[in-house]
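**Q** pasting the structure only:
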Ligand code: PLP
């Protein structure tokens with residue numbers, strides 16, 4: 001059974017039809033397809049999308065190569081226009097990045113310059129643990145880093161973050177990763193928008209929605225809604241690296257009001273997206289069946305892992321992304337090393353959340369392999 005027909009079977013599962021036997025049959029048929037060795041490890045450590053890109057994206061890259069001796073202006077403009085339209089906004093609401101990392105970097109640079117011009121201090125308020133690029137970039141501008149530990153249930157302590165922003169005499173950048181990396185948990189829109197609505201112009205939000213396309217929980221609403229309402233103290237960052245599987249082509253973007261976009265663009269190189277990335281991103285955005293396929297595959301992979309974790313009694317956080325944060329018995333480094341010895345690369349520990357491992361959800365077949373090894377670890381008393 002190839003991947004697509006496997007996933008067709010799985011779509012019946014996702015639709016809630018005759019469940020377990022179909023599921024087991026599909027999974028059993030794929031079990032023998034794998035060779036795991038040092039040259040062919042399972043890469044479940046960087047939250048990439050193992051499906052690979054949409055065939056339409058590949059075709060678009062091939063078609064664009066002959067004219068790639070030209071600068072990428074047209075390809076960039078087409079993508080910007082398509083993104084503006086996609087969100088029922090305009091091209092002035094969009095900034096492209098060499099990955100969303102660059103958009104985050106440019107937003108931090110813009111805010112650092114603003115603080116300097118106004119003779120104000122700069123701080124980043126960030127949950128801990130979370131994706132740390134905003135922290136790294138703020139450090140490079142000598143900004144103060146204020147980390148707020150996650151609550152016991154791994155949710156963000158927004159009240160504490162708000163209090164610290166209010167108390168700071170200067171400009172605060174508030175980094176909100178939603179869903180959060182490494183927990184894969186969402187922050188409900190109701191909690192976020194309440195704060196954003198009463199925030200002052202000394203508080204600027206970078207809302208990182210790198211994994212938003214994987215979310216199915218209705219409590220999540222994109223902060224792009226706040227941009228639509230004209231909020232001028234935020235940028236929402238998104239990426240083609242995750243659900244669209246274009247991590248190596250480096251395309252990300254930010255959505256904000258035209259005023260904020262112009263301010264961020266001033267800190268970006270003019271041609272920061274290459275032609276291949278831009279045409280692949282445009283084709284991917286338009287390929288609705290690939291997006292649905294990618295989502296279904298991820299949901300099935302998550303189900304496979306959650307079923308195994310439940311069976312083994314291993315605690316995990318409710319995932320709304322393409323990775324899952326689960327408890328590990330004993331030392332995470334040892335667990336990681338043992339998995340690597342079995343040719344499976346899993347994510348590292350994210351202090352201060354000790355005893356948890358972040359596992360990227362690869363293809364369903366890959367996750368079946370992971371489960372086999374995890375169960376062997378249980379037999380050895382390692383998990
Ligand atoms: N934001 C989050 C939360 C991430 O986890 C990542 C990458 O893993 C990124 C941003 C960066 O993505 P990219 O620069 O590939 O768009």
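**A** Yes, it's here. Being a predicted model, the structure only gives us computed values, none of them experimental.

**Q** Touching, residue 308 and residue 375? I think so.
**A** Yes: when contacts are counted by C-beta atoms under 8 Å, residue 308 is listed as touching residue 375 (7.0 Å). Bear in mind the C-beta positions are built from the backbone N, C-alpha and C, glycine included.

**Q** more neighbours, these two?
**A** residue 308 (19 against 13; other C-beta atoms under 10 Å).

**Q** can you pull the contacts of residue 123?
**A** Counting by C-beta atoms under 8 Å, 6 or more residues apart in numbering, residue 123 touches 138, 143, 144, 145, 146, 168, 170, 171, 172, 173.

**Q** ok, 6 Å please
**A** For residue 123, the contact set (C-beta atoms under 6 Å, 6 or more residues apart in numbering) comprises 143, 144, 146, 168, 172.

**Q** Number of residues surrounding the fourth one?
**A** If I follow you right, that is residue 168. For residue 168, the count of nearby residues is 18 (other C-beta under 10 Å).

**Q** what comes up buried for the helix ranked longest in the chain?
**A** Longest helix in the chain by number of residues (criterion: DSSP state H): helix 288-312. Buried residues in helix 288-312, counted by 16 or more other C-beta atoms under 10 Å: 290-291, 293-306, 308-309.

**Q** I'd like the distance between the residue of the chain positioned farthest from its centre and the ligand.
**A** Distance from the C-alpha centroid of the chain peaks at residue 119, with 34.3 Å (C-alpha atoms, centre = their mean). Separation of residue 119 from the ligand (C-beta to the nearest ligand atom, to the nearest Å) stands at 31 Å.

**Q** go on, residue 213?
**A** The gap separating residue 213 from the ligand is 12 Å, by C-beta to the nearest ligand atom.

**Q** Surely that residue is in a strand?
**A** No: counting by DSSP: H, G, I helix; E, B strand; the rest coil, residue 213 is not part of a strand but helix.

**Q** what's the pLDDT at the residue in the chain positioned nearest to the ligand?
**A** Taking C-beta to the nearest ligand atom, the ligand has its nearest neighbour within the chain at residue 99, 2.6 Å off. According to the prediction, residue 99 has pLDDT 98.

**Q** So it is in contact with residue 250, correct?
**A** Yes: with contact defined as C-beta atoms under 6 Å, residue 99 counts as touching residue 250 (4.5 Å).

**Q** So which of these two has more stuff around it?
**A** residue 99 (25 against 21).

**Q** quick one: contacts for the more buried one?
**A** 250, 252.

**Q** What distance do you get for it to residue 221?
**A** Separation of residue 99 from residue 221 (C-beta to C-beta, to the nearest Å): 24 Å.

**Q** what's the answer for residue 269, then?
**A** From residue 269 to residue 221 the distance is 33 Å (C-beta to C-beta).

**Q** So for these two, which residue has more residues nearby?
**A** residue 221 (17 against 10).

**Q** Torsion angles phi and psi at the nearest residue to the more buried one once chain neighbours are set aside?
**A** Residue nearest to residue 221 in three dimensions, not counting chain neighbours: residue 189, with 3.5 Å by C-beta to C-beta, 6 or more residues apart in numbering. Main-chain dihedrals, residue 189, degrees, to the nearest 10: phi -60, psi -40.

**Q** Surely residue 189 touches residue 224?
**A** No: using C-beta under 6 Å, residue 189 makes no contact with residue 224, being 10.9 Å away.

**Q** Give me the more crowded residue out of these two.
**A** Set side by side, residue 189 and residue 224 show more neighbours around residue 224, with 21 against 18, by other C-beta under 10 Å.

**Q** show me the contacts for the nearest residue to residue 317 once chain neighbours are set aside.
**A** Leaving aside its sequence neighbours, residue 317 sits nearest to residue 325 (C-beta to C-beta, 6+ apart; 4.3 Å). Counting by C-beta under 6 Å, 6+ apart, residue 325 touches 182, 183, 184, 317, 356, 358.

**Q** Count the residues that sit near the second one.
**A** When you say that, I think you mean residue 183. Residue 183, neighbours per other C-beta under 10 Å, totals 29.
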